[in-house]
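S.K.: Any chance you can model this:
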Amino acid sequence: MKKKILWLIATLVLGALGSGLWELAFRPFFALLASGALDVVTLGLDSLRNGLYEEAARGQYERVSITILSAGAGVMVGITMVLLLFPFFRQRLEGTRPSVAGSRKFTLALPLVFATTMMLLLFQRNAYINRAANHFEQLATIAAPFQSQEQRLQLHSEFAQMNTRETYVRLVETLSALAKAKGARVPEFTIY
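M.R.: Numbering: from 1, shown residues only. So this is what the prediction gives:
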């Protein structure tokens with residue numbers, strides 16, 4: 001019985017430590033990584049960044065394609081890892097020194113590494129577009145009781161015509177300010 005209680009306490013402590021570590025280290029790291037991936041996708045150009053918001057204005061038409069893309073990216077990452085790491089483990093077990101450059105599998109895996117990287121970047125781009133569209137829709141729903149029908153239609157019309165980041169920021173800030181002024185809870189979203 002003491003062992004079970006000890007295991008329970010240890011599990012709770014490890015869970016709390018893991019949760020704290022996630023909040024303090026991993027979440028900010030992955031947010032930074034996602035932002036970096038978006039920088040790569042947009043090449044840091046405002047015109048390409050604005051394209052993200054133009055896509056968000058089209059709504060959520062790509063949920064299935066994102067699921068397929070993420071599954072494909074996961075499979076490609078797995079295959080790439082197996083192709084790259086399996087020869088090293090086999091050579092290490094045989095007692096020989098692993099070689100990267102001369103490996104035929106490594107040479108064959110290079111296009112796969114490139115394709116996997118591209119799929120992951122596309123996934124990040126599409127995921128951000130959907131998150132941006134979802135955030136606007138959620139804010140519009142939260143602020144809806146505090147607006148006239150004409151105001152709601154005007155905001156949705158502007159969103160559908162949006163083609164710049166500045167327009168998105170203005171619309172989101174308008175909805176957030178309205179909802180906060182009425183005491184509603186506003187969800188957080190980091191605009192890229």
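S.K.: could you point out which element follows the helix or strand bottoming out on mean pLDDT in the chain?
M.R.: Ranking every helix and strand in the chain by mean pLDDT, DSSP states H and E puts helix 46-57 at the bottom, with a mean of 67. Next helix or strand after helix 46-57 toward the C-terminus (DSSP states H and E): helix 63-94.
S.K.: Which elements pack onto that following helix?
M.R.: The helices and strands touching helix 63-94, judged by 3 or more C-beta pairs under 8 Å, 6 or more residues apart in numbering; DSSP states H and E, are helix 104-143. No exception for glycine: its C-beta is placed from N, CA and C like everyone else's.
S.K.: Give me the residues contacting the following helix or strand past the helix it packs on.
M.R.: Using DSSP H and E, the helix or strand that follows helix 104-143 in sequence is helix 149-161. Helix 149-161 has contacts (C-beta atoms under 8 Å, 6 or more residues apart in numbering) with Ala57, Phe136, Ala140, Ala144, Gln147, Thr167, Leu171, Thr174, Leu175.
S.K.: now the residues you listed: which count as buried?
M.R.: The neighbour-count test (16 or more other C-beta atoms under 10 Å) marks Ala57, Phe136, Ala140, Gln147, Thr167, Leu171, Thr174, Leu175 as buried among these.
S.K.: Lowest pLDDT pick from those residues?
M.R.: For these, the weakest pLDDT value sits at Ala57, with 59.
S.K.: Next up, the contacts around Ala73.
M.R.: Thr116, Met119, Leu120, Phe123.
S.K.: Considering these, which possesses the most neighbours?
M.R.: Among the contacts of Ala73, the one with the most neighbours (other C-beta atoms under 10 Å) is Thr116, at 21 neighbours.
S.K.: Disregarding residues adjacent in the polypeptide, which is nearest to it?
M.R.: With sequence-adjacent residues excluded and distances taken as C-beta to C-beta, 6 or more residues apart in numbering, Thr116 is closest to Met76, at 4.2 Å.
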